[in-house]
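A.B. asks: all I have is the shape, not the residue letters:
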């Protein structure tokens, strides 16, 4: 049987099991089993063990549970109140005024947290009621939170980047560094949209500004100090090479505990809840990675990715056509599947193609992370939508429609990053040196 | 029986949590000792083993909390009877998969015990010792799945279904991505 026919059979098995509601990690294992059992001579049970154990017992991957735990701790502190107090006096001069707190608050929180839903929930729980109280337009407020929350994935540390880095076998540190400028780009695009919107709809921004002296504003900004210290500390130890990403993550946990203790929200109960929450969440992710690892070892045996890569290399596609096709596929996938599964399901097939087409794997990581961000806000399955739906007590449709402008801003960001790949690749090359993998 | 099973899953979760916290402790200890010019031998291996143990031991409790992700969008929209049947098939297949995982893990670890294989890193202990976390975790996971399958077959609602519904009502409290 031809390689592509085998590929089609496996794809069919995957789609049927996924649609049938089998848990994603298990569906991947089933597909891998079918592939190994019927189309290769390699024993599936040995492959299963080596893939599951090899992917889980990994020192590099240990950064993931650490960053997850750190986010869980910070989510339970009063960091968001402090952030609102500290940021709001400094952003009131921009057209759109406090609406920008959503963007900058999410961006700053994203620098200590690696997930998108946690970022939305943390910033939203304070910003949403505060802005509603002051009479800001609810729809734009919800939309901007929805969009900006996804920065949690792009601004380091980022759980999804660790997943990609492990799957693509690139450096976690490089991925983190590559996310910095695209993150800034998105902040500028989101805030820029709010400025334009506020100028076009002058009636929708309340004109009342809290009058505040410079001294008062500086005093209020002190609220941001614990968070900023934590950010600079983590980034500092990672990017200067004092500690690896995994060690930095452990320091991050320590720092997050210190902040929680300092703000008085560290109790025995909150400690235990954060630890158990982190355990279950990282268990879920590591299980998916284990299934994906078995699937990629099956893929390697069947030779499907190589055949596809050769086909891409042989057909005279322009690289941009390939990227465009992939973007569309990921946008569609993102409507139904969560981001992590989206990445691990596809990397073993897609990365050899991308390599063959001459793209940089770090750059492609950023490209795919932005697509995962978009997946968070596209219905019917988009986690930021779910979170805001309950927080704002609104219909799913309302939230999804409110997020549309920010969806287009993200598409714009993808176009810009594709046209100028240096936005992603310059910083890691400058800091860590150009070493082609 | 119910109480014993619930305690079994909870115990797996607690052990997993201890392993997760252990990762942080070992990493920090390693960094502190390096500052003092000491070397914590084999810390990398220990961290890897703790990471694996944390993942495998938590499988049972994570599953019951409805936090293992799946594509629910299609089966959630089926009418009640059809949806129950679909759930039955999905859960039944999951029991088979978990059983296979358990068998593969137990078989492999038994072999490495029989041939007295030694870990390849700095800590030269028999490799089956850290690998037991996989076997134990897979066993708890398998029990949890059979448990839920029996509940569903007897006409009840499995715990993960109830948890999934709670998540859907309050996603902002769920620790998901």
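C.D. replies: Sure, I can see it. Please read all numbers here as calculations on a predicted model, not as lab measurements.

A.B. asks: so where is the stretch 101-250 of chain A shaky, pLDDT-wise?
C.D. replies: A:208-210 (pLDDT under 70).

A.B. asks: enumerate the residues of it near chain B.
C.D. replies: Contact residues (C-beta under 8 Å from any C-beta of the partner chain) of the stretch 101-250 of chain A with chain B: A:115-118, A:121, A:124-125, A:159-160, A:243, A:246-247, A:249-250. Glycine gets a C-beta too; all of them are placed from N, C-alpha and C.

A.B. asks: and these, which of them are in helices?
C.D. replies: Under the assignment DSSP state H, these contribute A:116, A:117, A:118, A:121, A:124, A:125, A:159, A:160, A:246, A:247, A:249, A:250 to helices.

A.B. asks: what's the separation between the third one and residue A:278?
C.D. replies: Separation of residue A:118 from residue A:278 (C-beta to C-beta, to the nearest Å): 11 Å.

A.B. asks: over to the fourth one?
C.D. replies: Taking C-beta to C-beta as the measure, residue A:121 falls 15 Å from residue A:278.

A.B. asks: surely residue A:409 and residue A:186 touch.
C.D. replies: Yes - if you go by C-beta atoms under 8 Å, residue A:409 and residue A:186 touch, sitting 7.2 Å apart.

A.B. asks: for residue A:4, give me its contacts.
C.D. replies: Going by C-beta atoms under 8 Å, 6 or more residues apart in numbering or on different chains, residue A:4 touches A:304, A:307.

A.B. asks: number of nearby residues for residue A:366?
C.D. replies: Using other C-beta atoms under 10 Å in any protein chain shown, the number of residues around residue A:366 comes to 27.

A.B. asks: does it touch residue A:417 like I think?
C.D. replies: Yes - Residue A:366 lies in contact with residue A:417 (C-beta under 8 Å); the separation is 6.2 Å.

A.B. asks: lowest-scoring secondary structure element of chain B by mean pLDDT?
C.D. replies: The helix or strand of chain B with the poorest confidence is helix B:159-169; it has a mean of 82 (mean pLDDT, DSSP states H and E).

A.B. asks: show me what counts as buried in that one.
C.D. replies: Using 16 or more other C-beta atoms under 10 Å in any protein chain shown as the test for burial, helix B:159-169 gives B:159, B:160, B:161, B:163, B:164, B:167.

A.B. asks: how about residue A:379, secondary structure?
C.D. replies: Per DSSP: H, G, I helix; E, B strand; the rest coil, the local secondary structure of residue A:379 is coil.

A.B. asks: for the closest residue to it other than its chain neighbours, give its distance to residue A:6.
C.D. replies: The spatially closest residue to residue A:379, leaving aside those adjacent along the chain, is residue A:400, at 4.5 Å (C-beta to C-beta, 6 or more residues apart in numbering or on different chains). In this view, residue A:400 and residue A:6 are 38 Å apart by C-beta to C-beta.

A.B. asks: thinking again about what came up before, more crowded one of residue A:409 and residue A:186?
C.D. replies: residue A:186 (29 against 20).

A.B. asks: let me know the helix or strand that that one is in.
C.D. replies: If you go by DSSP states H and E, residue A:186 is part of helix A:172-200.

A.B. asks: and after that helix, which helix or strand comes next?
C.D. replies: On the C-terminal side of helix A:172-200, the closest following helix or strand by DSSP H and E is helix A:214-221.

A.B. asks: what's that next one packed up against?
C.D. replies: Contacting helix A:214-221 under the criterion 3 or more C-beta pairs under 8 Å, 6 or more residues apart in numbering or on different chains; DSSP states H and E are the following elements: helix A:79-91.

A.B. asks: what residues does the helix it packs on touch?
C.D. replies: By C-beta under 8 Å, 6+ apart, helix A:79-91 touches A:97-98, A:100-101, A:104-105, A:108-109, A:122-123, A:125-127, A:130, A:210, A:212, A:216-217, A:220-224, A:226-227, A:259, A:263.

A.B. asks: of those, buried ones?
C.D. replies: A:97-98, A:100-101, A:104-105, A:108-109, A:122-123, A:125-127, A:130, A:220, A:223-224, A:226-227, A:259.

A.B. asks: all set, thanks.
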